[in-house]
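Colleague: Fold the following, please.
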Amino acid sequence: VGVWWALAGVGVATLACGLVCALLATAAVHIAQQWERMVVMRLGKFKCVKGPGFFLTMPFVEYSTMRIDVRIRTTAFGAEETLSNDLVPLDVDAVVFWMVHDAEKACVAVDDYAHQLLLSAQTILRDAIGRATAAEVTARRDQLDRELKRLLEEKVSAWGITVLSVEGRNILLPEELQEVMSLEAQAEQKKKARLILMEAESEISAMIEGYAHTYDDNTALELRKMYL
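Modeller: Have a look, this model is predicted:
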């Protein structure tokens, strides 16, 4: 019986030792995917960034605190009923293309960098709309996109984030304002058409008058009637 208990004790000890080794191995062994970077802390302080691939940490002393995706990511954002400089409420939707270039800053400098990027993009978009008129926002989309990219990159670069581009998708105006702007655009096109017609008539008139000396007055008058 004593031998049996001794063997049982050895078996339990072996099992316990195996479990402890398995736990230590689980805590020490890590694998980062090709697109991942893992931030390693030692006793609460930043140590290094690991990945991609296999790496080890010291159990209970070092630990991987965050997996950071360094691929290009997209975040949609918008501003609803934001007043422009001429007090027109606008709904604007846009998307930002970005990526993490410094995993240490993204982990240490800010809490939830993706959410902070979204909030910053929304705030900057509202500010940009408030500085421009409704006509400028709708007519200068490329300029607005460039301004948003520049301002957003200035804000988030300290968090280890690179802004690749900002692209506006939809700009919605109030229906009554859309009708007014449509009428203004039609009037402007009619004005341009009339100016072009007046220039053409002036050129034709000058051309006929240049050749009038070779004809009598009646013939010149008939030519004028035919071309005008």
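Colleague: So, low pLDDT: which residues of the chain?
Modeller: 1-13, 18, 20-21, 24-25, 176-188, 190, 201, 204-228 (pLDDT under 70).
Colleague: Strands of that one, start to end?
Modeller: 29-32, 36-42, 45-50, 53-56, 62-69, 73-83, 89-100, 161-172 (DSSP state E).
Colleague: So which elements touch the fourth one?
Modeller: Same thing as strand 53-56. strand 29-32 (3 or more C-beta pairs under 8 Å, 6 or more residues apart in numbering; DSSP states H and E). Just so you know, the C-beta spots here come from the backbone N, C-alpha and C atoms, and that holds for glycine as well.
Colleague: Take the strands of the chain and write them to JSON lines, including distance to Glu203 and mean neighbour count.
Modeller: Output for these, formatted as JSON lines (distance: least, C-beta to C-beta, whole Å; neighbours: other C-beta atoms under 10 Å):
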{"stretch": "strand 29-32", "distance to Glu203": "73", "mean neighbour count": "15"}
{"stretch": "strand 36-42", "distance to Glu203": "68", "mean neighbour count": "19"}
{"stretch": "strand 45-50", "distance to Glu203": "71", "mean neighbour count": "15"}
{"stretch": "strand 53-56", "distance to Glu203": "74", "mean neighbour count": "12"}
{"stretch": "strand 62-69", "distance to Glu203": "64", "mean neighbour count": "17"}
{"stretch": "strand 73-83", "distance to Glu203": "47", "mean neighbour count": "15"}
{"stretch": "strand 89-100", "distance to Glu203": "43", "mean neighbour count": "19"}
{"stretch": "strand 161-172", "distance to Glu203": "40", "mean neighbour count": "16"}
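Colleague: Next, count neighbours for Gln189.
Modeller: Gln189 has 10 neighbours, counted by other C-beta atoms under 10 Å.
Colleague: when you give positions from now on, start the count at 695
Modeller: Sure, I'll start numbering at 695, so the last one becomes Gln883.
Colleague: ok, so what distance separates it from Leu750?
Modeller: Distance, Gln883 to Leu750, by C-beta to C-beta, to the nearest Å: 71 Å.
Colleague: Just the helices from the protein, written as ranges.
Modeller: 696-722, 797-802, 807-825, 828-833, 835-850, 869-905, 911-921 (DSSP state H).
Colleague: May I see the strands of the chain arranged in CSV, with distance to Val804 as well?
Modeller: CSV is the format used below for those (distance: least, C-beta to C-beta, whole Å):
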stretch, distance to Val804
strand 723-726, 21
strand 730-736, 13
strand 739-744, 14
strand 747-750, 25
strand 756-763, 12
strand 767-777, 15
strand 783-794, 11
strand 855-866, 9
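Colleague: surely Thr751 meets Leu737?
Modeller: No. With contact defined as C-beta atoms under 8 Å, Thr751 does not count as touching Leu737 (11.9 Å).
Colleague: what's near enough to touch the residue nearest in space to the middle of the chain?
Modeller: Among the residues of the chain, the one closest to the centroid is Val790, at 1.2 Å (C-alpha atoms, centre = their mean). By C-beta atoms under 8 Å, 6 or more residues apart in numbering, Val790 lies in contact with Thr768, Thr769, Phe771, Leu811, Ala815, Leu842, Lys843, Leu846, Val857, Ser859, Val860, Glu861.
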